[in-house]
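1. Sequence plus the predicted model coming up.
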Amino acid sequence: MSASLILSGSWSVYDDYKASIAQNATIFQPNDIFEVRFLTEKIRVLYPQYTDVVIGLSIHQVNRTLYAGCSRNLFVQLVMENLLQRKPLYDL
């Protein structure tokens, strides 16, 4: 499981969103619902064994360690590292 795989995909929708709200697209804001949903979907497409809940828990855990937005690359890397520590929860 690799952050580079997540980061290498298309982020154009995300970049367009960030431009529309006049924010730097290289900074991930984990308190923004759109950004969290976007990242969750990117992870789910590549790693369907993880539910939205498990991915959300990893995003929330990383968010708790940060006081503000950080580099998109770093945030994704930290989320993926946290996700690796969790067992996949399969939909029932």
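-> Noted; the coordinates are in hand.
2. only C-alpha atoms for contact and neighbour calcs from this point on.
-> Will do.
3. what's the neighbour count on residue 68?
-> 12 (other C-alpha atoms under 10 Å).
4. tell me which element it falls in.
-> Following DSSP states H and E, one finds residue 68 outside all helices and strands.
5. and the gap between the spatially closest residue to residue 77 that is not a sequence neighbour and residue 22?
-> Excluding the flanking residues, the one nearest residue 77 by C-alpha to C-alpha, 6 or more residues apart in numbering is residue 3, at 5.0 Å. According to C-alpha to C-alpha, to the nearest Å, residue 3 stands 26 Å off from residue 22.
6. Those two: who's more crowded?
-> Applying other C-alpha under 10 Å to residue 3 and residue 22 shows that residue 3 carries more neighbours, namely 17 against 9.
7. does that one really touch residue 80, like I thought?
-> Yes: between residue 3 and residue 80 there is a contact under C-alpha atoms under 8 Å: 6.0 Å.
8. Kind regards, and thank you for your time.
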